[in-house]
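> pasting the sequence and the predicted coordinates here, then a few questions.
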Amino acid sequence: MNLLIEQADPPTRVYLAVQDRHWREHGQVDFGTYVLKGSLLVGGDNPVHATTSGTLERTVLRPSSRKNAEPALHLSIRSDGKDQWLPRAKNLSPLTQSAEALLTKIATAGIVGLGGGAFPTATKLATAIRHTPRYLIVNGVECEPGVQADEALMHAASVEILQGALLALQILNLDQCILAIGEDKHSALEIFTQKILQQELSGKIQLLPVADKFPNGSERQLIKICTGTALPRNVYPAQLGISVLNVSTLYAIYQAIYLDQALVERVVTLHTPQSAKNIRVHIGTPAKDLVNNNFPSRANAPAVSTNLIQRGGPLTGWIQSIDACVEKGTTCLQLIKNTVPKPALPCIRCGKCATICPENLLPQELYWYSKPLNEAKLNALKLTSCLTCGLCETVCPSQIPLTNMFRDSQTLLKQYAAHKQQARQVSARVKARTVRLEKSGQSTQSQREKRLSRLRQSRSSNHEQ
Amino acid sequence: MIYKLLSAIGVLGTIALFTGALLGWLNKRYKKQDKALVDVIEELLPLTQCAQCGYPGCRPYAQSIAEGGAINKCPPGGEDTIARLANLLGREPSTLDENFGQHSPIHLAVIDERSCIGCTLCIQVCPVDAIVGAQRFMHTVLEDHCTGCELCLEPCPVDCISLINTDIQRVYLPA
């Protein structure tokens, strides 16, 4: 696969997922009006920007690309094909701005972790600042086979990525950061070595080749490689002052701060069984349109509707509906053949999964307690630490679909925890109300008695007179 | 000879007494406290506090179940809750007693703020204090705290409270 990035044409319609429940209050959504690329549609914590110019049509329910997700609310924009940008500010001087100003800019540009996690970057950095920043690690490892979106971006935009890294350093008030790049990405390593020398950044940016082994590009694994110590379970990196940012996130930060551009496009690796390429796609492009536009010969084949699209790489990815759209966290889309998976055989307790688990969990035990779900045991076995990286499923000789099972169990555990929280809350409120009512009832009672006794007294004194 | 025998018995006896006392104390000190049955039952209920069961809230209903009362009086919980309760208590699952109401999905109460006259009647009946407002001022429902018990509908003199469907699904704990 070559590392050129093709620019995708705007699709006829883009569909932008709205996560904010109160989007009508935060939004400047005026249906039927013409919007320009980059204009803010919904504000708040999860901002939504128009990713192409056109008419804002309506809200639609479409399948979201998340695993097991119900149809989600999307705003649809009918593109006019011109892809015209909103007027952007010029002559920005970020080096003199404060960290808060830069963070606000990152938040309003809607930047999230583009390595796939899609966690708001400004929140991540702000948490690290609160806990005293110690390390900044730039993640260019991209260890999953077949995904090359980050590698292609590192080729095309090395200078911009370095500028983004310098901005992140400025925000975190750190002197040095680690730029971790997978060993297999020879040309990217070469380019960055040259650029760091040319710009005399070797004091600030330390290049670290990382072994090409899955899942070294995962946040927790990379921290272990770079700092030498493993993160304790249930501790977020930001709580220890460690920030891990993907190269494409840094590129987005560069665009937001130097060019005043919101996050409206991202690089996606698109695979079909025959070929693959890297495309810069408008966020919100339906997967079907993307496949049809880029592989027109396949579009006419009737097979396209029966094929499935997988979001993410071969190990961590999952099957999604072909009607789902490219989201901010979509790194890769694969068109795969609709084959019936081999039936799972019983677990023979060989223990292969336990030896390969990068988080030192016991997948065979987790499997045992996942059906039927045993909440206490799964919590004791630290199911929440599971990265759902898919290695256990890959080595399993019985072809048990472990990753899906663990992902489902994780969601259920979260829901149970939420229910318990809610139960505690409701009980506390009911109890508080009962106590309050009793108290106020008593006080009115005693007031009434006092008044009555006073009345009797006055009456009796009247009688005496 | 007899001296050696006595000393051995003495030493071992002291050790036995000492360890026995220690173990007894530790058992008392760190005894695993089981959750009260009422608490376990309450967690399985949908906790709407709607009082359709005839008890003033979910806690009293849980209390009555713990004391051997019927388990099929909770319309918001439906068959699902009955099955879980039956599983927990080792009783026969029965069908929902329709005298107490029909099972329906859980809603969210919403006040039409234009027609609210500020009478505070709904505030007084809300079992979870999820309505805020003051006399002759508009009231509103706190979405996060509303359990959808429908108790506020009846006292409203201008019928400005309606129920809407929520996308929030109630999750029950595994029994």
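Good, I have the coordinates. Note that the coordinates shown come from a computational prediction; the quantities given were computed from them, not determined experimentally.

> dump the residue contacts of the closest residue to residue B:42 other than its chain neighbours.
Setting aside the residues directly before and after it, residue B:42 is nearest to residue B:62 in space (CB to CB, 6 or more residues apart in numbering or on different chains), at 4.2 Å. For glycine as for every other residue, the C-beta is placed from the backbone atoms N, C-alpha and C. Shown in contact with residue B:62 (CB atoms under 8 Å, 6 or more residues apart in numbering or on different chains): B:38, B:39, B:41, B:42, B:45.

> now residue B:62: how far from residue B:34?
Distance of residue B:62 to residue B:34, given as CB to CB, to the nearest Å: 16 Å.

> what's the longest helix in chain B?
Ordering each helix of chain B by length in residues (DSSP state H) puts helix B:2-29 first.

> can you give me the buried ones in that one?
Across helix B:2-29, burial judged by 16 or more other CB atoms under 10 Å in any protein chain shown covers no residue at all.

> per-residue confidence averaged over the following helix or strand past it?
Using DSSP states H and E, the helix or strand that follows helix B:2-29 in sequence is helix B:37-44. The pLDDT scores in helix B:37-44 average 85.

> C-terminal to helix B:37-44, what's the next element?
helix B:58-66.

> could you list the low-pLDDT ranges of the chain?
Since you didn't name a chain, this refers to chain A. A:1, A:67-70, A:91, A:296-309, A:338, A:444, A:463-465 (pLDDT under 70).

> not what I meant, chain B
For chain B, the ranges with pLDDT under 70 are B:166-175.

> next one: the residue nearest to the spatial centre of chain B from residue A:436, what distance?
Geometric centre of chain B, nearest residue: residue B:42, 2.7 Å, by CA atoms, centre = their mean. Plainly put, residue B:42 is 21 Å away from residue A:436 if you go by CB to CB.

> would you list the buried entries among the contacts of residue B:62?
B:38, B:41, B:42, B:45.

> related to what we said a few turns ago, quick check: of the contacts of residue B:62, which lies closest to chain A?
Using CB to the nearest CB, residue B:42 is the member of the contacts of residue B:62 that sits closest to chain A, with 7.2 Å.

> would you confirm that that closest one contacts residue A:423?
Yes - counting by CB atoms under 8 Å, residue A:423 is a contact partner of residue B:42 at 7.3 Å.

> show the contacting residues for residue A:19.
By CB under 8 Å, 6+ apart, the neighbours of residue A:19 are A:46, A:72.

> repeat that for residue A:278.
Contacts of residue A:278 (CB under 8 Å, 6+ apart): A:1, A:3, A:4, A:5, A:6, A:148, A:149, A:152, A:267, A:268, A:269, A:270.

> what's the longest helix of chain B packed up against?
With contacts taken as 3 or more CB pairs under 8 Å, 6 or more residues apart in numbering or on different chains; DSSP states H and E, helix B:2-29 sits against no other helix or strand.

> for chain B, what are the nearby residues on the stretch 301-450 of chain A?
Taking CB under 8 Å from any CB of the partner chain as the contact definition, the stretch 301-450 of chain A meets chain B at A:372-375, A:412, A:415-416, A:418-420, A:422-423, A:425-427, A:429-430, A:432-433.

> so which of those residues belong to helices?
Using DSSP H, these in helices are A:375, A:412, A:415-416, A:418-420, A:422-423, A:425-427, A:429-430, A:432-433.

> out of these, who has the most neighbours?
residue A:426 (23 neighbours; other CB atoms under 10 Å in any protein chain shown).

> so residue A:349 touches residue A:362, yeah?
No - contact criterion CB under 8 Å: residue A:349 and residue A:362 do not qualify, at 10.7 Å.

> ok, those two, which is more surrounded?
More neighbours surround residue A:362 than the other of residue A:349 and residue A:362, with 16 against 13 (other CB under 10 Å).

> and the more buried one, how far from chain B?
Distance, residue A:362 to chain B, by CB to the nearest CB, to the nearest Å: 21 Å.

> wait, that residue sits on residue A:381?
Yes - counting by CB under 8 Å, residue A:362 does reach residue A:381; the two are 6.1 Å apart.

> list residues touching both of these two?
What both residue A:362 and residue A:381 touch, as defined by CB under 8 Å, 6+ apart, is an empty set.

> show me what contacts the residue nearest to residue A:391 when sequence neighbours are not counted?
Leaving aside its sequence neighbours, residue A:391 sits nearest to residue A:356 (CB to CB, 6+ apart; 4.9 Å). Residues counted as contacts of residue A:356 (CB under 8 Å, 6+ apart) are A:391, A:392, A:395.

> by neighbours, which of these wins?
For the contacts of residue A:356, neighbours tallied by other CB under 10 Å; top is residue A:392, 26 neighbours.

> contacting residues around it?
By CB under 8 Å, 6+ apart, the neighbours of residue A:392 are A:352, A:353, A:356, A:357, A:363, A:402, A:403.

> out of the residues you listed, which end up buried?
A:352, A:353, A:357, A:363, A:402, A:403.

> which two of the residues you listed have the greatest separation?
Across the buried ones among the contacts of residue A:392, the longest distance by CB to CB is 14.7 Å; it joins A:352 and A:403.

> now for the one helix or strand residue A:368 maps to, which elements pack on it?
Element membership for residue A:368 (DSSP H and E) is helix A:363-370. If you count contacts as 3+ CB pairs under 8 Å, 6+ apart, helix A:363-370 packs onto helix A:352-356, helix A:375-380, helix A:402-464.

> mind putting the contacts of residue A:392 into CSV with distance to residue B:137?
Output for the contacts of residue A:392, formatted as CSV (distance: CB to CB, whole Å):
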residue, distance to residue B:137
A:352, 66
A:353, 61
A:356, 63
A:357, 58
A:363, 57
A:402, 56
A:403, 53
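
> can I get the contacts of residue A:356 in CSV with secondary structure?
Formatted as CSV, the contacts of residue A:356 follow (DSSP: H, G, I helix; E, B strand; the rest coil):
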residue, secondary structure
A:391, helix
A:392, helix
A:395, helix
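
> which one of those sits closest to residue B:66?
Distances from residue B:66 to these, taken by CB to CB, are shortest for residue A:392, at 42.3 Å.

> now the closest one: closest residue in space, sequence neighbours ignored.
Residue A:392's closest residue in space is residue A:353 (CB to CB, 6+ apart), at 3.6 Å.
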